[in-house]
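Asker: Fold the following and give me the result.
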Amino acid sequence: MSIKSTLHKKELGASATRYAILFLLLFAWETAAHAGRIDPFYTSYPSEILSDLWQFAASGELAMHAAITIEEALWGLFYGTVFGVGCGVLFSQIRFLGNVISPIITAMAGIPQLTLSPLYILWFGFGLKSKVILAGMMVFFGVFGSTFNAIKNLDQRWIEASLLLGASPFQTLWLVVIPTCMPWIISAVRSGVGSCMVGAIMGEYMGASGGFGWMISFAASYFEIKRVLSCILVLLVFNRVLNWILNRLEKRLLLWRPETKLSIKTTE
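Answerer: Numbering: from 1, shown residues only. Reported below is the predicted structural model:
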């Protein structure tokens, strides 16, 4: 049996186990709610959530609110990633600029962006811009830090070998430095997927007329727990889809990197 076939079977086994555990937890939740062991007023239960989700989608509200939140989150992820990688590369190449600016960015990263969300609303209004800026800032600091530190701690021998082979500084940066640092950059972007969604939702909490943050706040104020959990379920699916896309992108970009086994066992 080939190694590829063995790995595929292990992945299928892991997926089957994962879904079995998820199904058992949902079944236990449903059973406990109907048996009165938990109060469905506070927790709802899976069948009620799915029923509400169907009504939510059939009414057209799901598509409307999802479009608002997803647009804010994706633009925030895009701008946060672009500026984070760009500033990380720029400041790592211009050493004086990095020494001046990077401590300032590090200090700003220590300020919780959620505490600044009222200011973003005040400065940029209740529309799309303030939510995108909040989501983008939550992504930016993580991506910048990973990119800057990855390049800064890159093995100097890679750069020396590239220059000895006749590569220009730009070719060395584009073909050696950035690909070598790509695992750390993608890891930061993966964390940014959750951060951009948090930023968009919190921005909608502070002030909006639509989006999942607004809907969750509205539903919670009327104790509509099933609607709150319906929104959370959609956000979980969206987060999972984005991570799936990143996994595929990572495999394409990092074909040169062998995957490390999680087991510490050694074969004799």
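Asker: Which stretches in the stretch 1-150 of the chain count as helices?
Answerer: Under the criterion DSSP state H, counting those that start in this stretch, helices of the stretch 1-150 of the chain are mapped to 3-35, 40-43, 46-58, 61-93, 95-109, 113-124, 128-152.
Asker: Give me the local confidence score for the residue nearest the centre of the chain.
Answerer: Nearest to the mean C-alpha position of the chain, counting by C-alpha atoms, centre = their mean, stands residue 193 at 1.3 Å. For residue 193, the model assigns a pLDDT of 87.
Asker: can you tell me how far it sits from residue 135?
Answerer: Distance from residue 193 to residue 135, counting by C-beta to C-beta, to the nearest Å: 11 Å. Every residue, glycine included, has its C-beta placed from N, CA and C.
Asker: Need the residues touching each of the two.
Answerer: Common contact partners of residue 193 and residue 135 (C-beta atoms under 8 Å, 6 or more residues apart in numbering): residue 77.
Asker: related to what we said a few turns ago, list the contacts of the residue nearest to the centre of the chain.
Answerer: With C-beta under 8 Å, 6+ apart, residue 193 has these contacts: 77, 239, 242-243, 246.
Asker: Tell me which of those fall in helices.
Answerer: 77, 239, 242-243, 246 (DSSP state H).
Asker: If any of these are buried, put those into a PyMOL selection.
Answerer: Entered in PyMOL, the line below selects the buried ones among those, by 16 or more other C-beta atoms under 10 Å:
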select buried, resi 77+242+246
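Asker: Identify, from the ones in helices among the contacts of residue 193, the entry nearest to residue 46.
Answerer: residue 239 (18.9 Å; C-beta to C-beta).
Asker: ok, back up a step: which stretch among the helices of the stretch 1-150 of the chain is buried most, on average?
Answerer: Comparing the helices of the stretch 1-150 of the chain by mean neighbour count (mean count of other C-beta atoms under 10 Å), helix 128-152 comes out on top with a mean of 24.
Asker: Kindly calculate the angle that it makes with helix 95-109.
Answerer: Helix 128-152 runs at 130 degrees relative to helix 95-109, counting by axes from the mean of the first three to the mean of the last three C-alpha atoms, to 10 degrees.
Asker: So which elements touch helix 128-152?
Answerer: Contact here means 3 or more C-beta pairs under 8 Å, 6 or more residues apart in numbering; DSSP states H and E; on that basis helix 128-152 packs against helix 61-93, helix 95-109, helix 113-124, helix 178-206.
Asker: same thing but at 6 Å, please
Answerer: Under the contact definition 3 or more C-beta pairs under 6 Å, 6 or more residues apart in numbering; DSSP states H and E, helix 128-152 sits against helix 61-93, helix 113-124, helix 178-206.
Asker: That one to helix 113-124, inter-axis angle?
Answerer: Using the same axes, to 10 degrees: helix 128-152 against helix 113-124 is 130 degrees.
Asker: How about the contacts made by residue 69?
Answerer: 200, 211-212 (C-beta atoms under 6 Å, 6 or more residues apart in numbering).
Asker: Of these - the most surrounded one?
Answerer: Greatest neighbour count in these, by other C-beta atoms under 10 Å, goes to residue 200: 32 neighbours.
Asker: Quick check: closest non-adjacent residue to that one.
Answerer: residue 72 (3.9 Å; C-beta to C-beta, 6 or more residues apart in numbering).
Asker: just checking, that neighbour touches residue 129?
Answerer: No - under the criterion of C-beta atoms under 6 Å, residue 72 makes no contact with residue 129, lying 9.6 Å away.
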